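Participant: curious how this folds, go ahead:
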Amino acid sequence: MLLKIITGLIIGTGMSFFMSGIITIVNTGIDPEYLSRWMKAWVIAWSIATPIAIIISPIARKYAIHIESYIKGNIS
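Facilitator: The predicted structure is shown next:
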């Protein structure tokens, strides 16, 4: 269980960090206030993305294993 939580924290943190930064650039551009807007967006994104990643990571892994088995022809 701890591994699932740690994995979700890493995925949620990384994805929210990069996505909020890129989306902030796309929506508002880079100017002297960019970093402040990005950090505000990241806090919001992180608080949403991390719990979702913790919940979805094990489900996604199960589906990925199933898809891999299907691709390799090992479906039973």
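Participant: quick one: mean pLDDT over the lengthiest helix in the chain.
Facilitator: As assigned by DSSP state H, the longest helix anywhere in the chain is helix 34-72. On average, the pLDDT along helix 34-72 is 95.
Participant: against residue 27, how distant is the spatially closest residue to residue 56 that is not a sequence neighbour?
Facilitator: Leaving aside its sequence neighbours, residue 56 sits nearest to residue 8 (CB to CB, 6 or more residues apart in numbering; 8.0 Å). Every C-beta, even on glycine, is put in place using the N, C-alpha and C of the backbone. For residue 8, the distance to residue 27 equals 27 Å [CB to CB, to the nearest Å].
Participant: what about residue 14, which SS state?
Facilitator: Using DSSP: H, G, I helix; E, B strand; the rest coil, the three-state assignment for residue 14 comes out as helix.
Participant: use 14 as the first number for this chain going forward.
Facilitator: Sure, I'll start numbering at 14, so the last one becomes residue 27.
Participant: who's in contact with it?
Facilitator: Under the criterion of CB atoms under 8 Å, 6 or more residues apart in numbering, the contact list for residue 27 is empty.
Participant: circling back to that earlier point, and the longest helix of the chain, what does it pack onto?
Facilitator: Applying 3 or more CB pairs under 8 Å, 6 or more residues apart in numbering; DSSP states H and E, one finds that helix 47-85 contacts helix 15-41.
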